[in-house]
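My questions are about this predicted structure, shown below with the sequence.
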Amino acid sequence: MNAADYQPPRLLRNPHLQSVLASSGVRRLLFRRRLSLLERGATEHVLDCGDGVRLLGLHTPQRTLATARGLVVLLHGWEGSVQSSYVLHTGSRLLADGYDVFRLNFRDHGATHALNRELFHSCRLDEVVGAVAAVARMFPERALAIVGFSLGGNFALRVALRAPDAGIPLSYALAVCPAISPSDAMDAIEQAPWFYEAYFLRKWRRSLLLKQRAFPQPPLFAPADMRGNLRELTRALVLRHTGFESIEAYFDGYSIAGDRLAAMRVPTTILTSVDDPIIPVAEFRALTLPPCVELDIAPAGGHCGFIRSLALNSWTEDYIADRMHSHLPAEGGDSLI
């Protein structure tokens with residue numbers, strides 16, 4: 001299975017429609033029975049990620065096969081969570097295919113604002129590496145893979161870069177529409193239809209209010225900061241709550257553009273689409289990648305969409321399951337679907 005195989009029906013070819021449907025609650029309602037298997041079997045874990053940082057995740061073990069095929073860690077996008085529609089759908093498919101699933105919340109995502117005093121930002125890579133290392137220690141008998149979406153895809157790739165030196169036995173990484181150059185992604189959001197920036201701002205402001213309630217003092221932002229646009233609020237975050245002296249330095253801190261993935265040693269797949277309205281495809285084509293990294297560019301799909309039918313099924317789930325079968329040792333028998 002390759003990205004070139006993906007062909008959406010005519011009514012679903014609009015990249016903005018694809019992008020919106022990816023995280024739509026409608027998909028969760030349509031498939032709630034299937035998703036409930038993932039949710040019912042989940043156990044909550046608060047992980048010690050080092051330096052006093054705690055992150056929350058949900059582990060769903062394989063209950064049908066005697067031995068799971070492996071363990072897949074799922075990373076959501078910015079202002080998503082372990083309850084995001086695309087995470088639930090992917091986790092449910094992997095569970096049905098014989099894998100254990102661990103869904104990880106980033107700091108201040110989901111209902112985790114009270115776990116850590118300091119705010120989330122995208123350069124907090126150490127704690128995510130620490131979380132994946134903790135998961136690996138908890139389940140050492142499982143072949144380990146990681147899958148991330150959007151910003152989560154960016155984190156997944158950076159975790160994979162660090163994994164060998166961090167002692168994480170990571171067998172495979174897959175990133176769906178990962179953020180490559182944060183500066184270019186900000187430009188793309190500002191040039192895209194208005195509802196993208198409005199969506200991110202609404203969710204981020206709500207998250208910041210929840211954080212402020214968890215830690216009332218000192219004030220996180222001035223009222224004027226909270227009224228700013230996405231770039232202005234990001235600049236305020238950088239200057240108030242990170243060690244970076246400028247928004248440009250902050251963006252560079254989690255960029256994976258150019259040759260920054262050239263040292264990758266973990267087998268990896270990067271999936272994106274030509275028409276992603278948030279992460280320009282030119283950024284992917286400009287990457288310098290080693291032989292162990294597969295870059296797969298679909299002719300359509302929007303940002304993390306890849307909806308394949310009017311029933312709102314996602315082709316991405318098939319793609320991820322196919323790649324897992326190829327890259328993780330098959331310890332548990334044949335696929336269940």
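Happy to help now that I have it.

Angles on the backbone of the most centrally placed residue in the chain, please.
Nearest residue to the geometric centre of the chain (Cα atoms, centre = their mean): Gly152, 2.5 Å. Backbone torsions for Gly152, taken as degrees, to the nearest 10, come to phi -60, psi -30.

Help me confirm that Asp225 comes into contact with Leu233.
Yes. Using Cβ atoms under 8 Å, Asp225 is in contact with Leu233, at 6.1 Å. Placement of C-beta: from N, CA and C, glycine included.

got the contact list for the closest residue in space to His327 that isn't next to it in sequence?
Counting by Cβ to Cβ, 6 or more residues apart in numbering, His327 lies nearest to Tyr172, which is 3.9 Å off, once chain neighbours are set aside. For Tyr172, the contact set (Cβ atoms under 8 Å, 6 or more residues apart in numbering) comprises 145-146, 266-269, 323-324, 327-328.

Same question for Pro15.
Contacts of Pro15 (Cβ under 8 Å, 6+ apart): 273, 275-277, 300-303, 305.

all strands for the stretch 51-200 of the chain, in order.
For the stretch 51-200 of the chain, the strands defined by DSSP state E, counting those that start in this stretch cover 54-60, 71-75, 100-104, 144-149, 170-176.

Just the pLDDT for Gly57.
Here, the pLDDT recorded for Gly57 equals 97.

ditto for Ala311
In this prediction Ala311 is given a pLDDT of 78.

same question, Asp275
Asp275 is given a pLDDT of 95.

same deal with His325?
For His325, pLDDT reads 94.

so how far is Val176 from it?
17 Å (Cβ to Cβ, to the nearest Å).

same question, Ala185
Following Cβ to Cβ, the distance that separates Ala185 from Val176 is 15 Å.

The two: who's more crowded?
Taking neighbours as other Cβ atoms under 10 Å, Ala185 and Val176 compare with Val176 leading, 28 against 23.

That one against Ser150, yeah?
Yes. In this structure, Val176 is within contact of Ser150 by Cβ under 8 Å, at 7.4 Å.

List the contacts of the lengthiest helix in the chain.
Using DSSP state H, we find that the single longest helix of the chain is helix 194-214. Residues outside helix 194-214 that contact it (Cβ under 8 Å, 6+ apart) are 19, 78-79, 108-109, 113-114, 119, 189-190, 219-221, 226, 229-230, 233, 277-278.

out of the residues you listed, which are buried?
19, 78-79, 108-109, 113, 119, 189, 220-221, 226, 230, 233, 277-278 (16 or more other Cβ atoms under 10 Å).

distance of Val281 from Phe149?
For Val281, the distance to Phe149 - Cβ to Cβ - is 17 Å.

and the two? which has more neighbours close in?
Higher neighbour count among Val281 and Phe149: Phe149, with 30 against 16, using other Cβ under 10 Å.
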